[in-house]
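S.K.: Generate coordinates for the sequence data below:
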Amino acid sequence: MSLIRATEDILNQLTFTVNHLSSEEFTEPLNTLNNSTIGQHFRHTIEFFHILINAVEAGMVNYDNRNHDKTVETNQKVALKAIEYVRQNISIFEENVNLELSASYTEDGIEIFTIPTNLFRELAYNIEHAVHHMAIIKIGLLQLKPSLKIPKTFGVAVSTIRHQSQTVNR
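M.R.: Okay, the predicted model is just below:
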């Protein structure tokens, strides 16, 4: 299934990032990222996949209820284990299941709404969310380690890659 392949591609790109940075680089606050770190963006990205995996059994997904696990954003071995957890559990994505999405868009969090969704829709959302944060990570990588050969497609949506390819070939 293309959603699983896309997820695996994202996991591979995130693994590339973790493996090509020192501990200091992974945790350094960057002014171009509003003083956040590459590790924080990594943790935020992978955490959404973890939430979705756990939502399949619960039937309810709520991205507001994240752990914000500091060890994932500061310890690269833990970060790689977080990737591996998604990789090992991706098989649950083979069959679509109905879910409920619960969220609040108010600062006080009092007003909560629930809407019907499904696993494939949320996986597609996670893929787009990951690409967005990987684009941010790429900005940080360019500042932090300009000598690093970042893959051209890192943090770029597949639809953009296709469009650019068609534009070049015209």
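
S.K.: distance between the helix ranked longest in the chain and the chain's centre?
M.R.: Counting residues, the longest helix in the chain under DSSP state H turns out to be helix 119-144. Remark: helix 119-144 is offset 5 Å from the chain centroid, using C-alpha atoms, centre = their mean, to the nearest Å.

S.K.: now the strands for the chain?
M.R.: For the chain, the strands defined by DSSP state E cover 60-61, 98-103, 113-118.

S.K.: of all those strands, which lies closest to A130?
M.R.: Among the strands of the chain, strand 60-61 comes nearest to A130, with 15.5 Å by C-beta to C-beta. Heads up, the C-betas are built off the backbone N, CA and C, glycines and all.

S.K.: name the helices or strands packed onto the closest one?
M.R.: helix 38-58, strand 98-103 (3 or more C-beta pairs under 8 Å, 6 or more residues apart in numbering; DSSP states H and E).

S.K.: by contact count, what packs against the first one?
M.R.: Same thing as helix 38-58. Counting by 3+ C-beta pairs under 8 Å, 6+ apart, helix 38-58 packs on helix 2-19, helix 23-27, strand 60-61, helix 70-74, helix 76-89, helix 119-144.

S.K.: Show me what counts as buried in it.
M.R.: Of all the residues in helix 38-58, those buried under the rule 16 or more other C-beta atoms under 10 Å are 38-53, 55-56.

S.K.: cool, and stretch 144-151?
M.R.: By 16+ other C-beta under 10 Å, the buried positions in stretch 144-151 come out as L144, I150.
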